[in-house]
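In: Mind folding the following:
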Amino acid sequence: MKETFIKERARVELKNPILIEGLPGLGLVGKIATRYLVKKLNAKKLAYLYSPHFPYFVLVSRKGSVRLLRGTFHFWKSQDGGNDLIFFTGDSQAQTIEGQYEISDRILDFAKRHKVRMIVTIGGYRMEVRDRPKVIAAATDQELLNRAIQAEAVLSSMGSPIVGTAGLILGLARFKEIGALCLLGETRGYLPDPKAAKSVLEVLKTMLGVDVDLTGLNEDISKADKMITRLQKIEEKRALQAEEIRKEEDKRITYIS
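Out: Here you go, the predicted structure:
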């Protein structure tokens, strides 16, 4: 395999489709949000994306079978006359700068072939969060940005970079004449963060008018909160031990002098 390619599994006619992208990143916000929508909407597989820019190992199933790392496109058809949806998520982001550009470009080409006029990318925004995570928005045009703000997203601060596929799709979308919006959920970033994913999905639900029950994330949120509490207690204990060691060393230095 010398370059990124997409292998289609189904041929479908989609009505004014919107593509939603969420790959692993800070807090796995994009992946959690996108996979949740795929599961809740019972979206069907549309295509696989393979790339030599993914990490060089295979995944092994419980039955012992193996497969390459990949990205997966799913599709969902609206039953009420709204926009159909295409979802893209995967096992990993590209590990090289060239790969990031190549994969983003392939996703946009795929979107163009399926007559997508709007793409939403999802990711995480590093921030110490105590209450409900905010959703940061950036877009290629003011109309999309206004729609996100009306759905209770907030503007990205000036000069903040959006790293990886979520950002590059915005930058490259102009060349394909596709509107693109990025929604970033505030997250600490070092653990999977279903709470940030839920905040993003609340904004997305309002924007797209898709009826999705988000209560299924509550159990995962509760587990994540408990894990954070345990880690904070461990960190507090470590800090106290370090302080005690420092005091003992200060005593020895004073005694010797």
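In: Might you report the residue contacts of the residue nearest the centre of the chain?
Out: The chain has Gly30 as the residue nearest its centroid, 1.4 Å off, counting by C-alpha atoms, centre = their mean. Neighbour list for Gly30: 21-24, 89, 121-124, 166, 197 [criterion: C-beta atoms under 8 Å, 6 or more residues apart in numbering]. The C-beta positions use only the backbone N, C-alpha and C, and glycine is treated the same way.
In: repeat that for 7 Å
Out: Going by C-beta atoms under 7 Å, 6 or more residues apart in numbering, Gly30 touches 22-23, 122-123, 166.
In: could those residues go into CSV alongside distance to Leu231?
Out: Converted to CSV, the contacts of Gly30 look like this (distance: C-beta to C-beta, whole Å):
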residue, distance to Leu231
Gly22, 25
Leu23, 25
Ile122, 25
Gly123, 23
Ala166, 26
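In: buried ones in stretch 23-39?
Out: 23-38 (16 or more other C-beta atoms under 10 Å).
In: Can you name the residues bridging to Gly124?
Out: Counting by DSSP bridges, Gly124 forms beta bridges with Gly185.
In: one step back: quick one: which of the contacts of Gly30 is nearest Leu240?
Out: Gly123 (35.5 Å; C-beta to C-beta).
In: Would you tell me which helix is longest in the chain?
Out: helix 218-256 (DSSP state H).
In: tell me the mean pLDDT for it?
Out: Averaging pLDDT along helix 218-256 gives 77.
In: quick revisit: the residue nearest to the centre of the chain in helix, strand or coil?
Out: Secondary structure assignment for Gly30 (DSSP: H, G, I helix; E, B strand; the rest coil): helix.
In: Please report the distance of it from Glu244.
Out: For Gly30, the distance to Glu244 equals 42 Å [C-beta to C-beta, to the nearest Å].
In: now Val120
Out: Counting by C-beta to C-beta, the gap from Val120 to Glu244 is 50 Å.
In: between the two, who's got more neighbours?
Out: Taking neighbours as other C-beta atoms under 10 Å, Val120 and Glu244 compare with Val120 leading, 28 against 10.
In: Need the contact partners of stretch 77-89.
Out: 14-23, 31, 34-35, 37-38, 43, 46, 71-76, 107, 114, 116, 208-209.
In: Narrow those to just the buried residues.
Out: Here, 16+ other C-beta under 10 Å leaves 14, 17-23, 31, 34-35, 37-38, 43, 46, 71-76, 107, 114, 116, 208 buried among these.
In: Least confident secondary structure element in this structure?
Out: Ranking every helix and strand in the chain by mean pLDDT, DSSP states H and E puts helix 218-256 at the bottom, with a mean of 77.
In: Centre of the chain to that helix, how far?
Out: Per C-alpha atoms, centre = their mean, to the nearest Å, the displacement of helix 218-256 from the mean C-alpha position of its chain is 31 Å.
In: So for it, what gets flagged as buried?
Out: 220, 224, 228.
In: With distance to Ser157 added, can I get these in a markdown table?
Out: Below are these laid out as a markdown table (distance: C-beta to C-beta, whole Å):
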| residue | distance to Ser157 |
| --- | --- |
| Asp220 | 29 |
| Ala224 | 26 |
| Ile228 | 25 |
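In: Wait, a helix at Ala173?
Out: Yes - counting by three-state DSSP, Ala173 is found in a helix.
In: Could you report the neighbour count for the closest residue to it other than its chain neighbours?
Out: Leaving aside its sequence neighbours, Ala173 sits nearest to Ala180 (C-beta to C-beta, 6 or more residues apart in numbering; 3.8 Å). If you count neighbours by other C-beta under 10 Å, Ala180 ends up with 27.
In: so Ala180 makes contact with Ile169?
Out: Yes - taking C-beta atoms under 7 Å as the definition, Ala180 is a contact partner of Ile169 at 5.7 Å.
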